[in-house]
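J.: take this sequence and fold it.
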Amino acid sequence: MILRAERHVDNLANLFYEPIIKAKNGTHGKGKKMAGRAAANKIVKVPVGTIVWQTEDGARLTPINRDQASDAQHPTLSSDQSAIRNPQSKMDLIVDLTRDGQEFVLCRGGVGGKGNVHFKSSRNRAPLQYTEGEEGQQGHFLLELRTIADAGLVGYPNAGKSTLLRELSAARPKVAAYPFTTLHPVVGVMELPGYRHATIADIPGLIEGAHRGVGLGHEFLRHITRCPILIFVIDVAGSEGRSPVEDLQNLRKEIDLYDPMLSTRPWLVVANKMDLPNAKENLEILRKHFPKISVVPISATKGEGIDKLREALSERITNAQHISFPISSGQARDP
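T.: Below you'll find the model as predicted:
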């Protein structure tokens with residue numbers, strides 16, 4: 001069975017309805033020394049950004065010959081990648097499919113048996129002996145999708161992330177006046193100078209305790225690990241009754257508790273809802289608490305400040321596109 005990453009596939013829902021995937025058997029050999037036909041490869045299309053973990057039950061998988069499986073078309077993990085392990089669920093990382101068209105041989109088919117002709121001799125001209133073909137590899141695996149984007153919008157529910165993504169790109173995520181409108185990451189494409197482009201992911205809103213899985217926190221936070229740049233979208237007007245400074249502090253805390261490596265990545269703050277009362281006063285307070293961090297004031301609903309934000313993102317994304325980040329298990333630490 002071969003896994004193939006394709007950019008036109010955006011979810012793993014099809015595997016939910018087909019939890020057991022089995023390749024077809026080959027055909028039997030025939031007369032006149034004709035070998036049986038090998039079965040066609042079972043190709044499973046998955047989204048780009050799919051991570052494959054081997055569960056404890058999958059330990060029965062026959063080890064794959066690395067020399068035979070490390071060709072360019074079907075790459076395997078390097079020695080440092082294969083050592084990555086999820087300590088909580090006791091799963092080993094098998095492969096990380098990050099490129100469109102990338103393929104990985106997850107389970108190899110068995111070698112065919114020998115027919116009668118192989119047992120023919122000068123004394124036995126019509127042998128009846130034969131050998132059965134070998135069983136193919138099998139195992140239990142967990143496929144996890146982590147959205148790949150150049151930048152990720154992080155913020156509380158109703159902070160205006162989806163509205164901002166609409167302004168920055170042609171994506172049309174659902175927008176409404178109630179929290180948790182976005183339940184799945186939405187990726188938009190933003191045009192950059194020089195006929196270049198960048199992808200921006202609208203990560204569903206985080207809440208306090210997200211690093212422990214509260215409010216589907218792990219389901220949302222795992223996608224941030226793919227983003228070289230983090231964009232914190234803050235309701236600077238405090239329209240939800242919260243302090244913008246505390247919002248930013250709590251968001252940074254949740255990310256650090258989920259994965260300390262995320263705190264070291266480039267980030268900037270988008271002060272949204274500048275068209276509402278108290279926004280200007282709160283913006284000055286926010287800048288005093290974070291004097292070394294770039295804070296870009298905008299109003300996503302009115303389209304104000306979007307051009308300056310595009311310029312800031314274009315510079316940061318261009319600098320970060322040459323930086324690679326290791327895959328982590330994203331395990332929460334005790335606060």
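
J.: check contacts around the residue nearest the centre of the chain.
T.: Nearest to the geometric centre of the chain sits Arg146, at 1.5 Å (Cα atoms, centre = their mean). The contact partners of Arg146, by Cβ atoms under 8 Å, 6 or more residues apart in numbering, come to 49-51, 222-223, 225-226. C-beta coordinates here come from the backbone N, C-alpha and C atoms, glycine included.

J.: turn those residues into JSON lines, columns for secondary structure, neighbour count and distance to Pro185.
T.: JSON lines is the format used below for those (DSSP: H, G, I helix; E, B strand; the rest coil; neighbours: other Cβ atoms under 10 Å; distance: Cβ to Cβ, whole Å):
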{"residue": "Gly49", "secondary structure": "coil", "neighbour count": "22", "distance to Pro185": "10"}
{"residue": "Thr50", "secondary structure": "strand", "neighbour count": "25", "distance to Pro185": "14"}
{"residue": "Ile51", "secondary structure": "strand", "neighbour count": "22", "distance to Pro185": "15"}
{"residue": "Arg222", "secondary structure": "helix", "neighbour count": "21", "distance to Pro185": "10"}
{"residue": "His223", "secondary structure": "helix", "neighbour count": "24", "distance to Pro185": "5"}
{"residue": "Thr225", "secondary structure": "helix", "neighbour count": "22", "distance to Pro185": "12"}
{"residue": "Arg226", "secondary structure": "helix", "neighbour count": "21", "distance to Pro185": "9"}
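
J.: of those residues, which is the nearest to Arg166?
T.: His223 (18.9 Å; Cβ to Cβ).

J.: just give the nearest non-adjacent residue to that closest one, would you?
T.: Counting by Cβ to Cβ, 6 or more residues apart in numbering, His223 lies nearest to Thr147, which is 4.3 Å off, once chain neighbours are set aside.

J.: neighbours around that neighbour, how many?
T.: Neighbour count for Thr147, taken as other Cβ atoms under 10 Å: 23.

J.: now do the same for it: helix, strand or coil?
T.: coil (DSSP: H, G, I helix; E, B strand; the rest coil).

J.: how about the contacts made by it?
T.: Per Cβ under 8 Å, 6+ apart, neighbours of Thr147: 49, 185, 187, 201, 223, 226.

J.: which member of these is positioned nearest Gly133?
T.: Minimum distance to Gly133 across the contacts of Thr147 is 35.9 Å, recorded for Gly49 (Cβ to Cβ).

J.: excluding sequence neighbours, find me the nearest residue to the closest one.
T.: With Cβ to Cβ, 6+ apart as the measure, Ile148 is the residue that lies nearest to Gly49, at 4.3 Å, once sequence neighbours are left out.

J.: so what pLDDT did the one you found get?
T.: Confidence at Ile148, expressed as pLDDT, is 73.

J.: right, and it touches Arg226 too?
T.: Yes. Counting by Cβ atoms under 8 Å, Ile148 touches Arg226, with 4.7 Å between them.

J.: how close does the residue nearest to His223 get to Gln138?
T.: Per Cβ to Cβ, to the nearest Å, Thr147 is found 30 Å from Gln138.

J.: quick one: contacts for Asp247?
T.: Residues near Asp247 by Cβ under 8 Å, 6+ apart: 155-156, 159, 234-235.

J.: which of these ranks first by neighbour count?
T.: Among those, the one with the most neighbours (other Cβ under 10 Å) is Ala159, at 29 neighbours.

J.: distance of the residue nearest to His223 relative to Thr98?
T.: Thr147 sits 11 Å away from Thr98, taking Cβ to Cβ as the criterion.

J.: which neighbours do the two share?
T.: In contact with both Thr147 and Thr98: Gly49, using Cβ under 8 Å, 6+ apart.

J.: now Lys114: closest residue in space, sequence neighbours ignored.
T.: Using Cβ to Cβ, 6+ apart and skipping the chain neighbours, the partner closest in space to Lys114 is Thr131 (4.6 Å).

J.: right, I mislabeled it, should have said Leu230
T.: Trp267 is the one closest to Leu230 (Cβ to Cβ, 6+ apart), at 4.2 Å.

J.: what touches both of Ile148 and Arg226?
T.: Residues touching both Ile148 and Arg226 by Cβ under 8 Å, 6+ apart: Gly49.
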